[in-house]
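1. Take this sequence and fold it.
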Amino acid sequence: MSAEYQVNGSVAVITLNNPPVNGLGLATRTAAVDGIRKALADDSVKAIVITGAGKVFSGGADIKEFNSPKALTEPTLHTLINVAEGSTKPVVAAIHSVCMGGGLELALGCNYRVAMPGAQIALPEVKLGLLPGAGGTQRLPRVLGLEMALNMIVSGAPVLSDKLAGTALFDEVFAADANLVDSAVAFATKVADVRPLPRVRDRKVEYPNHEAFLQFSRNTVKAMAGPFPAPLECVETVAASVTKKFEDGLKFERERFLHLIQTPESKALRHAFFAERVASKVPDVPSDTPTRAIKKAAIIGAGTMGGGIAMNFANAGIPVVLVETKQEALDKGLATIRKNYENTMKKGKLTPEKFEQRVGLITGTLSYDEIADADIVIEAVFEEMGVKESVFRKLDSVMKPGAILASNTSTLDLNRIASFTNRPQDVVGTHFFSPANVMKLLEVVRGEKTGKDVLATTMALSKKLRKTGVVSGVCDGFIGNRMIEQYSRQAGFLLDEGALPEQVDKAIEKFGFAMGPFRMIDMAGNDIGWAIRKRRNIESPEFTYSKTADLLCEQGRFGQKTGAGWYDYKAGDRKAYPSQDVNDMIVGHSAQLGVERRTISDQEIVERLVYSLVNEGAKILEEGIAMRASDIDMVYLTGYGFPLFRGGPMFYADQVGLSNVLMAMDKYAKGRHGDAWTPAPLMVKLAAEGKGFNS
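-> Okay, the predicted model is just below:
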């Protein structure tokens, strides 16, 4: 059902019913329009109430209909709003819990709005690179005033209905214990005979010296919007509510909306929005798969990673025990966690009560026996198979039946780790990203024997921990690190051929990455990559790298932690200063190789780094390590600083065109280390068919 109709005395009540958020899809719009028309044709009906079923008034457009013909099929959202606004009987929007986007625009088209306290009110379209396209930029300033409406529209952030009580947005905000529908019907009965019917469109936006305020807003928003055009377009359309007649303002809003929907930035944001929602869906694990209760957690290892993971559990209200082998290491880990929370408290982001509560949820022990009753245990020890083996054999012997045994490994074979236990069905990979209490990504590694209920539980847990969980199959490095290895290899080859670390980093940061490859590895620690290359050298000797990274490590330049890496660092300063010693070493190494250094363009740097990610991503997709291209994009957007406005590596390649990517790769295949550019068969196939990874 999409909208229910019933008559309560002399009031028709139309209840939007399209779970979970009463999205205004075609069926819901049609039923709502039919309901209003039915009420207008019934002489016994004096007023109309529109409300939402369940826990929501309306979350706005139905995302399932985005980019489909249904979104533009009559009655459109504009038509529904016009029917409500043109009603000859008063229409009252009865709002509770959530009223956002098109839902708020519909409410603004009604004659009256009443609400429960605590309802979230928002026009969040800017977060998808858009602006409100059904009158929101013209009507909201008429009820909230120019300044408050502009702040809401440019930020997209929700405001609670109680905070908006007393503005012209709401005619009444009921008491918390009121019955919404009964109260709304009583209100509608009271105003049933009031004429003329009030309409938001008939109000004026009064703001003294609006020109100066709008110019100030343009300057501020321009400085903060970065590469995204939507925030500034929001300012211009809201400005039209003051400077143009209502109908002209609506027309201008529509023009700017249609312009934004075609921009690459909005396409990228919408792709990311859908990618995040679909990432949690595993085709062979139905949504009703039973999950295991997670009421207590344990972490093996109280280092940077273990401590960060523990904070995630405490933040979610789950008690967690840290296990260490030495008291000194345990004390240090717990002290670091406490200090992290103290810093958050000093910034005003944590109350003293929450501080005590979270710190109190994290305890430590030197004994495995004390964690035997935990529902999940996550191993966060040194990335070496022998160390993992001893930990998992121990966990297998002490943990209760049904406990989930998880590994935070970033590259090692999870199936082999699972084989160290007598319960491989309970073993899963939970690859957190550093700093674990900040980074959104959680790579959930599915072993060949991982139980479906274990996978479902881990994905549900990722949501509870406020992470974006992405499922990966088992391979060396999983999705993220397997791809970043190719990216890092190209960065090294660029040094051999003529570039220097600062040029490479600046080029990719200008493209939009949060951090270039050399600043990134300096932050993570060059010794980590060194250990992986040594292991690779034994397992896959044909896999070649630039030797510069090894030469750097041989000098003890491990990055920020040692005060020297690819760059020089000063005490208490995280800024990367170009190092003459390192640059001399790079130039000297090229001479030793007999390579004549050349000028390398920023375009070549960006293409080689990004397309190396894309090509490896295509292989990962082909092998079934990732379920879908958008999952790879999610990994890179939430874990590796890939620019959000470009939508992730696979989406970016689709936008460039796979045939264009292949053409560039063919050019680089003719250069030094050309064997690194053998294209993934999937990419060749899709390009030949004129398709993209996300087709």
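2. The stretch 551-695 of the chain: strands as residue ranges?
-> Along the stretch 551-695 of the chain, the stretches classed as strands by DSSP state E, counting those that start in this stretch are 567-570, 573-578.
3. what does the last one contact?
-> Strand 573-578 is contacted from outside by 500-502, 505, 518-519, 522, 560, 566-570, using Cβ atoms under 8 Å, 6 or more residues apart in numbering. All C-beta atoms are positioned from the backbone trio N, CA, C, and that covers glycine.
4. ok, now with 7 Å
-> With contacts defined as Cβ atoms under 7 Å, 6 or more residues apart in numbering, strand 573-578 is touched by E502, R519, D522, Q560, Y567, D568, Y569.
5. Nearest to M399, out of those residues: which one, please.
-> Q560 (36.4 Å; Cβ to Cβ).
6. circling back to that earlier point, quickly name whichever of the contacts of strand 573-578 is closest to A298.
-> Among the contacts of strand 573-578, and counting by Cβ to Cβ, the member closest to A298 is Q560, at 30.1 Å.
7. Measure how far the helix or strand bottoming out on mean pLDDT in the chain is from the centre of its chain, please.
-> Using mean pLDDT, DSSP states H and E, helix 526-539 stands out as the lowest-scoring helix or strand of the chain, at a mean of 83. Offset of helix 526-539 from its chain centre (Cα atoms, centre = their mean, to the nearest Å): 31 Å.
8. which secondary structure elements does it contact?
-> Helix 526-539 is packed against helix 548-554, with contacts defined by 3 or more Cβ pairs under 7 Å, 6 or more residues apart in numbering; DSSP states H and E.
9. ok, Q560 touching G525?
-> No: if you go by Cβ atoms under 7 Å, Q560 and G525 don't touch, sitting 8.1 Å apart.
10. L465 against N312, yeah?
-> Yes: with contact defined as Cβ under 7 Å, L465 and N312 form a contacting pair (4.5 Å).
11. Just the helices from the stretch 501-650 of the chain, written as ranges.
-> 501-511, 517-524, 526-539, 548-554, 580-593, 602-622, 629-639, 649-656 (DSSP state H, counting those that start in this stretch).
12. in this structure, which segments are predicted with low confidence?
-> 1 (pLDDT under 70).
13. Break it into its domains for me.
-> Per the record, the chain has its domains at 3-260, 297-472, 497-688, by automatic domain parsing.
14. What's the end-to-end length of the second one?
-> Spelled out, it's domain 297-472. Domain 297-472 stretches 23 Å from its first residue to its last (Cα to Cα, to the nearest Å).
15. quick one: it to chain centroid distance?
-> Centroid separation between domain 297-472 and its chain, computed with Cα atoms, centre = their mean, is 22 Å.
16. Please apply the same query to the first one.
-> Distance, stretch centre to chain centre, for domain 3-260: 26 Å (Cα atoms, centre = their mean).
17. Contacts for stretch 11-19, please.
-> For stretch 11-19, contacts defined as Cβ under 7 Å, 6+ apart pick out 1-6, 22, 25, 28, 32, 35-36, 39, 45-54, 58, 62, 181, 185, 188-189.
18. for that stretch, which positions count as buried?
-> V11, A12, V13, I14, T15, L16, N17, N18 (16 or more other Cβ atoms under 10 Å).
19. how close does the last one sit to G59?
-> So that's N18. The gap separating N18 from G59 is 10 Å, by Cβ to Cβ, to the nearest Å.
20. For the helix or strand harbouring F392, name the packing helices and strands.
-> Element membership for F392 (DSSP states H and E) is helix 385-398. Secondary-structure packing of helix 385-398 (3+ Cβ pairs under 7 Å, 6+ apart): strand 376-379, strand 404-407, helix 414-418.
21. Redo the ones you listed as CSV? Include distance to T167 and mean neighbour count.
-> Below are those laid out as CSV (distance: least, Cβ to Cβ, whole Å; neighbours: other Cβ atoms under 10 Å):
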stretch, distance to T167, mean neighbour count
strand 376-379, 47, 26
strand 404-407, 49, 26
helix 414-418, 55, 21
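22. Make JSON lines out of the ones you listed and add distance to S217.
-> Listed next are those as JSON lines, based on distance: least, Cβ to Cβ, whole Å:
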{"stretch": "strand 376-379", "distance to S217": "47"}
{"stretch": "strand 404-407", "distance to S217": "48"}
{"stretch": "helix 414-418", "distance to S217": "51"}
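23. To V285, which of those lies closest?
-> V285 lies closest, by Cβ to Cβ, to one member of the helices and strands packed on helix 385-398: strand 404-407, at 14.8 Å.
24. Helices along the stretch 301-450 of the chain, start to end?
-> Applying DSSP H, counting those that start in this stretch to the stretch 301-450 of the chain gives helices spanning 304-315, 327-346, 352-361, 385-398, 414-418.
25. what residues are up against E65?
-> By Cβ under 7 Å, 6+ apart, the contact set of E65 is G25, L26, A71.
26. Nearest to V445 among those residues?
-> G25 (36.1 Å).
27. count of neighbours near the residue nearest to that closest one when sequence neighbours are not counted?
-> Nearest non-adjacent residue to G25, counting by Cβ to Cβ, 6 or more residues apart in numbering: D62, 3.3 Å away. Counted by other Cβ atoms under 10 Å, the residues lying close to D62 total 24.
28. can you offset everything so residue one is 55?
-> New numbering, starting at 55: the last item is D116.
29. From L160, how far off is D116?
-> Distance of D116 to L160, computed by Cβ to Cβ: 13 Å.
30. And V528, by the same measure?
-> V528 sits 48 Å away from L160, going by Cβ to Cβ.
31. Which parts of the stretch 205-354 of the chain are helices?
-> Under DSSP H, counting those that start in this stretch, the stretch 205-354 of the chain gives helices at 234-245, 264-279, 284-297, 300-314, 318-333.
32. buried ones in the last one?
-> Of the residues in helix 318-333, those buried under the neighbour-count criterion (16+ other Cβ under 10 Å) are 318-326, 328-330, 333.
33. What is the nearest of those to G671?
-> Using Cβ to Cβ, the buried residues of helix 318-333 come closest to G671 at A329, 13.3 Å.
34. Who has more neighbours out of V528 and L160?
-> Higher neighbour count among V528 and L160: L160, with 27 against 19, using other Cβ under 10 Å.
35. so that one is in which element?
-> Per DSSP H and E, L160 falls inside helix 156-163.
36. And for that helix, what's in contact with it?
-> With Cβ under 7 Å, 6+ apart as the test, helix 156-163 has contacts from 78, 111-115, 131, 134-135, 138-139, 147, 149, 153, 167, 175-177, 186, 188-190, 193-194, 254.
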